[in-house]
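Engineer: sequence plus the predicted model coming up.
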Number of protein chains: 2
Amino acid sequence: MEIIDITAPFSPEMLSWPGQEPPSHEFLAHQRQGDPNTVSWWQTGGHAGTHVDAPLHFIPNGAGIEALDLRRSIGPCRVLDLSHVEGHVGRDDLEAAEIAGDQRLLLKTRNSGDDLMRRGEFEEGYVAVSREAAEYLIEAGVETLGVDYLSVEPFEDAEFGEGEFRTHHALLKAGVTLLEGLVLTEVEPGEYFLACLPLKLVGSDGSPARAVLIRGLNI
Amino acid sequence: MEIIDITAPFSPEMLSWPGQEPPSHEFLAHQRQGDPNTVSWWQTGGHAGTHVDAPLHFIPNGAGIEALDLRRSIGPCRVLDLSHVEGHVGRDDLEAAEIAGDQRLLLKTRNSGDDLMRRGEFEEGYVAVSREAAEYLIEAGVETLGVDYLSVEPFEDAEFGEGEFRTHHALLKAGVTLLEGLVLTEVEPGEYFLACLPLKLVGSDGSPARAVLIRGLNI
């Protein structure tokens, strides 16, 4: 059994969405100041780093992340090589890849080749999923979609307070589970067993998650 | 494949260690106030709810939770029935259970029968692991130990700022990974596949985690 961690290290210095407060970390107690043990205190947004979106993120009265069906984030999955895609992922790119039957699909794009998730600075030119590609994913029956940057949304449709977020709306309304901020740089395209586990945050629109791909596991 | 969630729901109202600040949850944006989407902000200690301890929790300059070898928290595991134990788990209780060879061991005690993890109020009389039992676990080669209340430590040895934390010191110095706050009430003792994934919090003494037991998976 081989475990591949596809989670971005989580720290105040990590990549954040423009205008979003990064996480903070302090110590409530520390042995170096004479306390009996060391205890951290963290603050974070629900969509920091590697994370899972809940329907509530875009759907008023939608389900919170605590209600996620864990079969969405645990089970066989395919890592699809889309590193040749220049703009955003289009319907044609997915049609060519024969994704029918892939319940859990992770898209490995140029973002991974450029290692964008592990750079501290936000890059507006990331590869995302077009609205048309989102509609094709829904038609094809994909239930879980993972991407290798902070958002499935093209940046020009996601600017906070201005964008229409058409890709998010389409996918979340159709009940697709979104895994964002995956680190796929070292991952060979192919078949794996996925475990992408968000915290069980009650009433939250999303949660940071730990995500791994496993080889050598069979159902 | 069957997935059993053994994670406590995470919210400001959940069970907390006495004197420790509970988590807080607010919204940075919300669709009900006209924002384009809903975005949560969470604050939490590293040992809130279902969580994993890193060596740094008790060992100065010990490893942080980001350095956890994920083979510790992913793989075959045994849920051991110790519901008959009246006081804390002793060496005798473990000798009788023949635990040699169990790399990952979760202890199901009276805490689960009383559903202590899902009560809001802290209960000082929880079942924990005695120092002698901890030493036996180390001798037996257990690498990952899970318990069904907030701490492996007997309460009388864990009062913050006064206790000696002998069980934690013994286990963490020996390199045993500690999973605390598991909800085992509905879990039948036996063999499972465990995935208990903390966040990848850099430099943190612990992290909240999502923990599941899976049936029907083979290596």
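Structural biologist: Yep, that arrived.
Engineer: who touches stretch A:82-93?
Structural biologist: A:97, A:107-110, A:112-113, A:127-130, A:132-133, A:135-136, A:154 (CB atoms under 8 Å, 6 or more residues apart in numbering or on different chains). In short, each C-beta sits where N, CA and C put it, glycine included.
Engineer: gap between the residue sitting nearest the centre point of chain A and chain B?
Structural biologist: Most central residue of chain A, judged by C-alpha distance to the mean C-alpha position with CA atoms, centre = their mean, is A:Glu180 at 1.3 Å. Applying CB to the nearest CB, to the nearest Å, the value for A:Glu180 to chain B is 13 Å.
Engineer: over to A:Pro22?
Structural biologist: Separation of A:Pro22 from chain B (CB to the nearest CB) stands at 12 Å.
Engineer: now do the contacts for that residue.
Structural biologist: Shown in contact with A:Pro22 (CB under 8 Å, 6+ apart): A:12-14, A:16, A:48.
Engineer: rerun at 7 Å
Structural biologist: Residues touching A:Pro22, when contacts are defined by CB atoms under 7 Å, 6 or more residues apart in numbering or on different chains, comprise A:12, A:14, A:16.
Engineer: return the closest of those with respect to B:Gln20.
Structural biologist: Lowest distance from B:Gln20 to those (CB to CB) belongs to A:Pro12, with 21.7 Å.
Engineer: wait, doesn't the residue nearest to the centre of chain A sit right on A:Ser151?
Structural biologist: Yes - the pair A:Glu180 / A:Ser151 is scored as a contact, 5.8 Å apart, by CB atoms under 7 Å.
Engineer: returning to that earlier point: which of the contacts of stretch A:82-93 tops the neighbour count?
Structural biologist: Neighbours here are counted as other CB atoms under 10 Å in any protein chain shown. On that basis the top member of the contacts of stretch A:82-93 is A:Leu107, with 32 neighbours.
Engineer: which element is it on?
Structural biologist: A:Leu107 is located in strand A:104-108, with elements delineated by DSSP states H and E.
Engineer: hmm, that strand in reach of chain B?
Structural biologist: No - Strand A:104-108 lies out of reach of chain B by CB under 7 Å from any CB of the partner chain, never closer than 12.9 Å.
Engineer: and the helices in chain A?
Structural biologist: For chain A, the helices defined by DSSP state H occupy A:91-97, A:110-113, A:131-139, A:166-173.
Engineer: I'd like the average pLDDT over the third one.
Structural biologist: Averaged across helix A:131-139, the pLDDT comes to 97.
Engineer: against which helices or strands is that helix packed?
Structural biologist: Counting by 3 or more CB pairs under 7 Å, 6 or more residues apart in numbering or on different chains; DSSP states H and E, the packing neighbours recorded for helix A:131-139 are helix A:91-97, helix A:166-173.
Engineer: any chance of JSON lines for those helices, columns mean pLDDT?
Structural biologist: Formatted as JSON lines, the helices and strands packed on helix A:131-139 follow (pLDDT from 0 to 100):
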{"stretch": "helix A:91-97", "mean pLDDT": "96"}
{"stretch": "helix A:166-173", "mean pLDDT": "96"}
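Engineer: most neighbours per residue, which of those?
Structural biologist: The densest packing among the helices and strands packed on helix A:131-139, expressed as mean neighbour count by mean count of other CB atoms under 10 Å in any protein chain shown, is seen in helix A:166-173 with a mean of 22.
Engineer: extract the C-alpha set from that one and format it as CSV.
Structural biologist: What follows is helix A:166-173 as a C-alpha-only set of coordinates in CSV (Å, rounded to 0.1, in the frame of the first residue of the first chain):
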residue,chain,number,x,y,z
ARG,A,166,-21.3,30.1,-13.0
THR,A,167,-19.2,27.0,-12.6
HIS,A,168,-19.8,26.8,-8.9
HIS,A,169,-23.5,27.4,-9.2
ALA,A,170,-23.9,24.7,-11.9
LEU,A,171,-21.8,22.0,-10.0
LEU,A,172,-23.2,22.7,-6.5
LYS,A,173,-26.8,22.8,-7.7
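Engineer: other residues contacting it?
Structural biologist: Contacts with helix A:166-173, where a contact means CB under 7 Å, 6+ apart, come from A:53, A:55, A:57-59, A:128-131, A:134-135, A:138, A:145, A:152-154, A:157, A:178.
Engineer: do that again at 8 Å, thanks
Structural biologist: Judged by CB under 8 Å, 6+ apart, the contacts made with helix A:166-173 from elsewhere in the structure are A:53, A:55, A:57-59, A:62, A:128-131, A:133-135, A:137-138, A:145, A:151-154, A:157-158, A:178, B:37.
Engineer: could you flag which of these are buried?
Structural biologist: Burial of these was assessed by neighbour count (16 or more other CB atoms under 10 Å in any protein chain shown); the buried members are A:53, A:55, A:57-59, A:62, A:128-131, A:133-135, A:137-138, A:145, A:151-154, A:157-158, A:178, B:37.
Engineer: the closest residue to A:Ser73 other than its chain neighbours: how many residues sit nearby?
Structural biologist: Of all residues beyond its chain neighbours, the one nearest A:Ser73 is A:Cys196 (4.4 Å), with distances taken as CB to CB, 6 or more residues apart in numbering or on different chains. Per other CB under 10 Å, the neighbour tally for A:Cys196 reads 28.
Engineer: redo the helices and strands packed on helix A:131-139 as CSV? Include distance to B:Leu70.
Structural biologist: Compiled in CSV, these are given as follows (distance: least, CB to CB, whole Å):
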stretch, distance to B:Leu70
helix A:91-97, 29
helix A:166-173, 29
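Engineer: which one of these lies nearest to A:Leu28?
Structural biologist: Counting by CB to CB, A:Leu28 lies closest to helix A:166-173 out of the helices and strands packed on helix A:131-139; the figure is 35.7 Å.
Engineer: what's the most distant pair in the contacts of stretch A:82-93?
Structural biologist: Farthest apart among these by CB to CB are A:Gly113 and A:Glu135. That separation is 26.4 Å.
Engineer: and the pLDDT at A:Glu159?
Structural biologist: With respect to pLDDT, A:Glu159 scores 67.
Engineer: mind listing what's buried in stretch A:116-126?
Structural biologist: A:116-117, A:122, A:126.
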